[in-house]
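> build me a structure from this.
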Amino acid sequence: MLKKLVSMLLICLPLNVMAESPTELIVYNWTDYLDEGVIQEFEQRFNAKVNQAYFESDDARNKMLFRTHGKGYDVILATGDDVDKYQKSGWILPLGAEKVPNLKYAMPRWVDAWPQTKEYAVPYLWGTTGIIYRSDLVKEEITSWKQLYEPEEYLKGKILVFDMHRSVIGLALKSLGYPFNNENMKELKEAEKLLLHLKPYVQAFDTFSLDETAGIVTGDTWMGQGWNGDALTLQELNPAIEYVVPKEGTELWVDYFVVSSQSKVPELAIQFVNFIQDPKINALSAEALSFATTNSEAKAFLSEEHLNNPIIYPDEATLANSEFDIAPSSSRVKRKFIMIWSKLTH
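Next up, the predicted model:
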């Protein structure tokens, strides 16, 4: 009789009461770097609840993971150069095509770009770093990194510089005509001198927010380092905002999702990174965020306006003159980078 009553009670319960509660997935990410539509589609398809924790820079993310040993997150957004370090620290799980079938759609250029990315990471989006500036406030057309690193006097206190030492120092080297990944100590000293000259002109070490409060939108900031997709988002808020990849070339970047070895829901986390590389989903992400796709089949789902935008997809000459970030090979050079950064920011 008791079993019959229980069965009758279950039949009478609403479906949303009977359904299992969504499983929480914690993603460690940049702010505004997952489209809301993509999140909602994943949550519905996998009965999940995506919660995000945010970092303000690559350096800040790495410091947090070092303090926590990678704990507290299920999925982590990483730069290509960090994947190898995370793997050696035991912070991430091996993936590969067997666990992530949609890796078959990822372009080999991005899958194999850095050590361990093929085995431990799933490409997301890629892009360029350039100069974002207000054409109505800056007195000259910006074409060179020198105009940011050796600014005119009227720009004092009006420049935003990344809070990421590798990018800032590497692009200072580019402005001097040296490779982004240069390890020559004499030339690093030249970059140090250049950066100390820049220091009084820096308003903040940060990245641009992507709303009406951003300094580049309000006019509090006149020039800064930024990413191509962010520049397009900001242009929608103020048409006087311009973006340029300087003539010396720039830093190319690719973002990857990795799965934490400390994840409480590793299967769901792997489903998420596989979902992100689905051609339709990757196209939706690329279009929504104005960055370039890493997916060979996603272009079929992208608009002509997106695909033909030279800010999103730079020409081959720009690509040939640009470099991926590769970590310094020697402890001596690493210490030099840290010393330069400390002098600049303190």
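
> residues contacting the closest residue to residue 321 other than its chain neighbours?
Among residues not flanking residue 321 along the chain, residue 249 sits closest, at 3.3 Å (C-beta to C-beta, 6 or more residues apart in numbering). C-beta here means a position set from N, CA and C on the backbone, and glycine is covered the same way. When contacts are counted by C-beta atoms under 8 Å, 6 or more residues apart in numbering, residue 249 touches 174, 180, 318, 321-323.

> can you list these in JSON lines and add pLDDT, distance to residue 269 and neighbour count?
Putting the contacts of residue 249 into JSON lines (pLDDT from 0 to 100; distance: C-beta to C-beta, whole Å; neighbours: other C-beta atoms under 10 Å) gives the following:
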{"residue": "174", "pLDDT": "97", "distance to residue 269": "36", "neighbour count": "26"}
{"residue": "180", "pLDDT": "96", "distance to residue 269": "32", "neighbour count": "23"}
{"residue": "318", "pLDDT": "93", "distance to residue 269": "35", "neighbour count": "18"}
{"residue": "321", "pLDDT": "93", "distance to residue 269": "37", "neighbour count": "15"}
{"residue": "322", "pLDDT": "94", "distance to residue 269": "32", "neighbour count": "19"}
{"residue": "323", "pLDDT": "93", "distance to residue 269": "31", "neighbour count": "17"}
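
> as CSV, those with secondary structure and distance to residue 233 would be great.
Formatted as CSV, the contacts of residue 249 follow (DSSP: H, G, I helix; E, B strand; the rest coil; distance: C-beta to C-beta, whole Å):
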residue, secondary structure, distance to residue 233
174, helix, 25
180, coil, 25
318, helix, 20
321, coil, 25
322, coil, 22
323, strand, 25
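
> for the chain, which segments count as strands?
In the chain, the strands defined using DSSP state E lie at 23-29, 48-54, 75-79, 122-134, 159-161, 202-205, 223-227, 241-244, 251-259, 292-293, 323-324.

> what's the angle between the third one and strand 251-259?
Read that as strand 75-79. Between strand 75-79 and strand 251-259, the angle comes out at 160 degrees (axes from the mean of the first three to the mean of the last three C-alpha atoms, to 10 degrees).

> sheet-wise, list the partners of strand 75-79 with their directions.
strand 23-29 (parallel), strand 251-259 (antiparallel) (DSSP bridges).

> hmm, who's touching the shortest one?
Strand 23-29 has contacts (C-beta under 8 Å, 6+ apart) with 34, 46-55, 61, 64, 72-77, 265, 268-269, 272.

> ok, stretch 315-323 next?
By C-beta under 8 Å, 6+ apart, the surrounding residues in contact with stretch 315-323 are 128, 170, 179-181, 245, 248-252.

> spatially, which two of those are the most separated?
When C-beta to C-beta is used, the two most widely separated members of those are 181 and 245, lying 17.6 Å apart.
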